[in-house]
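> For reference, the sequence and a predicted model appear below.
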Amino acid sequence: MPTRIGESIVLPHSECEQVFFNQPLVVAKDLEHSKQEIRSYALGQTDAGRLLFVVFTIRQNLIRMVSARDMNRNEQNGQQYEEKNTEL
């Protein structure tokens with residue numbers, strides 16, 4: 001269960017990792033915040049259906065999560081747009 005620290009919520013890594021194994025998944029580079037290393041973000045959902053925004057980087061072929069939080073309304077709408085307009 002997430003715990004509160006001040007105003008932020010700490011999400012378990014195991015819950016954040018679920019985003020990468022569920023569909024839909026939208027991944028893009030975070031050019032604005034990629035000063036010292038290339039950062040990317042993912043919009044996806046957990047096994048329980050929780051919608052998360054996860055910032056990560058790849059180091060030595062491993063995904064390192066930088067931060068994670070619940071998606072805001074704009075991100076949820078953007079994810080739905082990507083789902084409808086992206087065919088694999």
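The structure has been received and is ready for your questions.

> quick one: low-confidence ranges for the chain?
The chain contains residues with pLDDT under 70 at 1-8, 34, 79-88.

> where along it do the helices fall?
With DSSP state H as the criterion, the chain has helices at 13-17, 73-85.

> now stretch 21-38: how far from the chain's centre is it?
Offset of stretch 21-38 from its chain centre (CA atoms, centre = their mean, to the nearest Å): 8 Å.

> Restrict it to CA atoms and write it as PDB.
Provided in PDB are the C-alpha atoms of stretch 21-38 (Å, rounded to 0.1, in the frame of the first residue of the first chain):
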ATOM      1  CA  PHE A  21       3.900  -5.100 -19.200                       C
ATOM      2  CA  ASN A  22       0.300  -3.900 -19.700                       C
ATOM      3  CA  GLN A  23      -1.500  -2.400 -22.700                       C
ATOM      4  CA  PRO A  24      -2.000   0.300 -23.600                       C
ATOM      5  CA  LEU A  25       1.500   1.700 -23.200                       C
ATOM      6  CA  VAL A  26       2.600   5.100 -24.600                       C
ATOM      7  CA  VAL A  27       6.400   5.800 -24.400                       C
ATOM      8  CA  ALA A  28       8.200   9.000 -25.500                       C
ATOM      9  CA  LYS A  29      11.500  10.800 -24.800                       C
ATOM     10  CA  ASP A  30      11.500  13.600 -22.200                       C
ATOM     11  CA  LEU A  31      13.700  16.000 -24.000                       C
ATOM     12  CA  GLU A  32      13.000  18.900 -21.600                       C
ATOM     13  CA  HIS A  33      14.400  17.100 -18.600                       C
ATOM     14  CA  SER A  34      17.200  15.100 -20.300                       C
ATOM     15  CA  LYS A  35      20.200  17.200 -19.400                       C
ATOM     16  CA  GLN A  36      22.700  14.700 -18.100                       C
ATOM     17  CA  GLU A  37      21.100  11.500 -19.400                       C
ATOM     18  CA  ILE A  38      18.400  10.500 -21.800                       C
END
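
> Perfect, that will be all.
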